[in-house]
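*Asks:* below is the structure, and that's it, no one-letter string:
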């Protein structure tokens, strides 16, 4: 079944390219007219950006007591970025990639999910630093509009929710479990009229909380483990 889906997706991709052949040709023409030195520089910067993301995950994994190679984290990070683009969900879509890898390698899926959540949180935190400077500049130039303020506020709320869940996991595994189980019940109520069954397992929420709590307690014992991930998050924003 999986092979069939891969072949089907490949065929759909080929059909899409054929249907958009004029657009593909326009891209090729644009590249041919471009300066190869700047194109090479752009490829180099993007490659450096992706490597920084992979090393960020490596640092976070190590901080949580997980051992994963950078050569594996690099394609995983790339796939995660792709998912976050095609299925926008505040950077959470890509978590599935790391959970699936944890299942394959038979290590804690809870820790893998927390690692992804920490990456998103640190990424948001680093971006908020850049954003704050940008908002100050816009304010001083009298160019700050309601749209920028609302978008910044939404980003701040998402960061606060993530930070609260991670802090909760550090303080009490049981409270994190109850919170996640409550969120699972809420999701199940929403989708039950359509699926006629529970979409999220409450028991799995408690199990996940225990796995995540183990990693977070390790991090709590040695907060200096976060210094490198924070530095890499800031570097990533600088490259962007």
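*Replies:* Ah, there it is. All values reported here derive from a predicted model rather than from experimental measurement.

*Asks:* from here on, contacts and neighbour counts on C-alpha atoms
*Replies:* Will do.

*Asks:* helices along this protein, start to end?
*Replies:* 2-19, 21-33, 36-63, 70-86, 95-105, 109-140, 146-171, 173-195, 202-221, 227-239 (DSSP state H).

*Asks:* with mean neighbour count as added columns, please give those in JSON lines.
*Replies:* Shown next, in JSON lines, are these (neighbours: other C-alpha atoms under 10 Å):
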{"stretch": "helix 2-19", "mean neighbour count": "11"}
{"stretch": "helix 21-33", "mean neighbour count": "11"}
{"stretch": "helix 36-63", "mean neighbour count": "17"}
{"stretch": "helix 70-86", "mean neighbour count": "17"}
{"stretch": "helix 95-105", "mean neighbour count": "17"}
{"stretch": "helix 109-140", "mean neighbour count": "19"}
{"stretch": "helix 146-171", "mean neighbour count": "15"}
{"stretch": "helix 173-195", "mean neighbour count": "16"}
{"stretch": "helix 202-221", "mean neighbour count": "19"}
{"stretch": "helix 227-239", "mean neighbour count": "17"}
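
*Asks:* tabulate those (CSV), appending mean pLDDT.
*Replies:* Shown next, in CSV, are the helices of the chain (pLDDT from 0 to 100):
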stretch, mean pLDDT
helix 2-19, 74
helix 21-33, 81
helix 36-63, 92
helix 70-86, 86
helix 95-105, 84
helix 109-140, 86
helix 146-171, 82
helix 173-195, 77
helix 202-221, 73
helix 227-239, 91
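
*Asks:* how deep is residue 35 tucked in, by neighbour count?
*Replies:* 9 (other C-alpha atoms under 10 Å).

*Asks:* check residue 201 too.
*Replies:* By the measure other C-alpha under 10 Å, the count of residues near residue 201 is 13.

*Asks:* so it sits right up against residue 184, yeah?
*Replies:* Yes. With contact defined as C-alpha atoms under 8 Å, residue 201 reaches residue 184; the gap is 6.9 Å.

*Asks:* residue 185 - nearest residue in space that isn't next to it in sequence?
*Replies:* Once flanking residues are discounted, residue 185 sits nearest to residue 202: 7.1 Å by C-alpha to C-alpha, 6 or more residues apart in numbering.

*Asks:* how close does the one you found get to residue 188?
*Replies:* Counting by C-alpha to C-alpha, to the nearest Å, the separation of residue 202 from residue 188 is 10 Å.

*Asks:* and for residue 21?
*Replies:* To residue 188, residue 21 is 43 Å away according to C-alpha to C-alpha.

*Asks:* repeat for residue 140
*Replies:* 47 Å.

*Asks:* from residue 209, how far off is the residue nearest to residue 64 when sequence neighbours are not counted?
*Replies:* The shortest distance from residue 64 to any non-neighbouring residue, by C-alpha to C-alpha, 6+ apart, is to residue 215 (4.8 Å). Noted for residue 215: a distance of 10 Å to residue 209, by C-alpha to C-alpha.

*Asks:* now do the same contact list for residue 141.
*Replies:* Not one residue lies near residue 141 by C-alpha atoms under 8 Å, 6 or more residues apart in numbering.
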